[in-house]
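>>> Structure, please.
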Amino acid sequence: LVILVGNLLIIALILSDRDLHRPMYFFLCNLSSLEIFITTSIIPKTVASLLMGNKTISYPFCLTQCYFYSLLGNIEFVLLAVMSYDRYVAICYPLRYPMLMNSQFCVQLLWGSWTAGFLATIVPAVLVVRLPFCNANRIDHFFCDIVLLIKLSCADTRTVELVSFMNASLILFGSLIMSAMSYIYIINTILRLPSASSQNKAFSTCSSHFTFVILAYGSCIFLYVQPSTHKISYNKIVSLLNTMVTPLMSPFIFSLRNEQMKKALKVGLKRNVIISRKCFSF
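Predicted coordinates for the structure are as follows:
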């Protein structure tokens, strides 16, 4: 509930406040939407299983959960790279920023994120659907993860595993490299600013996104560098971080660390109080 309310509040603030109708908040609005979709693809079924004690899931629903979790996760990583590029243009080329990051280009970047996520997900998904499953039907996880689902197959899965690993690595490390390069240029530009106040102002515009990037990428990279003997147990912990903790922290990171978001929230609360007083006045 906190995840849903927090991210919906961010979306509502951005849509209602014209001062927030800028590329940075356009991408933030879409990131909050992705957090909601990722959460609702996993948590409702998990909570229902815990409350009702029924830990079974149908095969079609399991495949659907696998697909949407992978799809939305891939889109989110590409979108984080896009948001890093947006901050790079804003800090390094402030005078050209309105021209470079116009509304048409922002929409194209958003569609590019969805297209890249779809292309990286559809091929492994098709290969997994074609896999035969014999007797094994127990997944050591709290949701249908594509890696563990592949291991249940009674066929040779080396091709599927290789394709899945290559696609995931391309999205994860490709977007990470883009984000890292953007922030290297950002930090270099900020350090060359003449005054400390200018540096603090520039850092404040990037701090929220940078914090979220560390949380998102750090948890997933941890999966790649961990010892194979602890892979399953660590998978659960990191997946818990990705599906619940990060979406839970997202509204607080982007609202409490962003002065314009806090200002919009205060204005919105003040407007609602005024409206409420008018409604209940006699």
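>>> use CA for all of it now, contacts and neighbours both
Noted.
>>> tally of neighbours for Ile184?
Residues near Ile184, counting by other CA atoms under 10 Å, number 11.
>>> Identify each buried residue in the helix or strand that contains it, please.
In the assignment (DSSP states H and E), Ile184 maps to helix 158-191. Residues of helix 158-191 classed as buried: 160-161, 164, 167-168, 171-172, 175-176, 178-180, 182-183, 186-187, 189-190 (neighbour count, 16 or more other CA atoms under 10 Å).
>>> ok and the helix or strand hosting Cys66 relative to helix 158-191, angle-wise?
Using DSSP H and E, Cys66 maps to helix 59-92. Calculated by axes from the mean of the first three to the mean of the last three CA atoms, to 10 degrees, helix 59-92 forms an angle of 20 degrees with helix 158-191.
>>> quick one: contacts of the helix or strand just after helix 59-92?
Downstream of helix 59-92, the next assigned helix or strand under DSSP H and E is helix 97-100. With contact meaning CA atoms under 8 Å, 6 or more residues apart in numbering, helix 97-100 is reached by 89-90.
>>> try 10 Å this time
22-23, 86-91, 93-94, 105-106 (CA atoms under 10 Å, 6 or more residues apart in numbering).
>>> Just the buried ones from the residues you listed?
If we count by 16+ other CA under 10 Å, the contacts of helix 97-100 have these buried: 22-23, 86-91, 106.
>>> Output the below-cut-off pLDDT ranges for the protein.
202, 205, 222-234, 255-259, 261-262, 264-265, 268-282 (pLDDT under 70).
>>> who touches the spatially most central residue of the chain in this structure?
Geometric centre of the chain, nearest residue: Glu76, 4.0 Å, by CA atoms, centre = their mean. Contact partners of Glu76, counting by CA under 10 Å, 6+ apart, are 30-35, 38, 70, 82, 113-114, 117, 171-172, 175, 216.
>>> before we move on, the earlier item: can you list the contacts of helix 97-100 in CSV and add distance to Asn200?
Output for those, formatted as CSV (distance: CA to CA, whole Å):
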residue, distance to Asn200
Arg22, 21
Pro23, 21
Asp86, 18
Arg87, 15
Tyr88, 16
Val89, 17
Ala90, 15
Ile91, 12
Tyr93, 17
Pro94, 16
Phe105, 28
Cys106, 26
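>>> Now do the helices in the stretch 101-250 of the chain.
103-129, 146-151, 158-191, 196-225, 231-240, 246-256 (DSSP state H, counting those that start in this stretch).
>>> Ser197: neighbour count?
10.
>>> How far off centre is the helix holding Cys66?
Helix 59-92 sits 5 Å away from the centroid of its parent chain (CA atoms, centre = their mean, to the nearest Å).
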